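1. Starting from these lines, generate the structure:
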Amino acid sequence: MPQMQALRRSLAVKITAVTVGIMIAGFGALLFLNIRRDTEFRVSKYHETADLLAASITTSIQNGMLEGRPDIIRRLVQELKTELKNVRRLNVYRRNGDEAFGDLDTLREVERIAWMQKAQLDSTRIALDRFIDVYETRERYR
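-> Residues are numbered from 1 along each chain as shown. Next up is the predicted model:
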């Protein structure tokens, strides 16, 4: 009988050890999967935030350039480069592939285009004024 009790104790110890081992392995696997899923979720949120920030910056740059205000865009880009520490790089390129705002070429180009648009608008306004004068003169002589 003493041998039977030793065998039972040994068997109980073995079953307990196997049960504890399975539990440790199971909880370890669950912990690993949970950490991996949480990491993927955080990375996806980080990318979503970065995409929203990039879209916002792009829209600001486009609006500023369409309004003919490259000085504001240049200052915005410089401030964003210094303030956003997690942003690796922020570059604005011209149509020909050169980096904008590295020199004054972008400013000159925007001023040239704005001047051309203003001249076109002024000529349209002058033509409209002449048309109105001709129309009013014609109405007076009818």
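2. make it CA atoms for all contacts and neighbour counts henceforth
-> Noted.
3. Please work out the average pLDDT along the helix or strand where residue 13 lies.
-> Assigned by DSSP states H and E, residue 13 falls within helix 2-66. Mean per-residue pLDDT for helix 2-66: 88.
4. Report all helices and strands that the helix or strand harbouring residue 71 contacts.
-> Using DSSP H and E, residue 71 sits in helix 70-83. Contact here means 3 or more CA pairs under 8 Å, 6 or more residues apart in numbering; DSSP states H and E; on that basis helix 70-83 packs against helix 2-66, helix 105-140.
5. go again using 7 Å as the cut-off
-> helix 2-66 (3 or more CA pairs under 7 Å, 6 or more residues apart in numbering; DSSP states H and E).
6. What angle do helix 70-83 and the helix it packs on make with each other?
-> Interaxial angle of helix 2-66 relative to helix 70-83 (axes from the mean of the first three to the mean of the last three CA atoms, to 10 degrees): 160 degrees.
7. who does helix 2-66 touch, helix- and strand-wise?
-> helix 70-83.
8. now with 10 Å?
-> Contacting helix 2-66 under the criterion 3 or more CA pairs under 10 Å, 6 or more residues apart in numbering; DSSP states H and E are the following elements: helix 70-83, helix 105-140.
9. Lowest average confidence across those, which one?
-> Minimum mean pLDDT among those: helix 105-140, a mean of 61.
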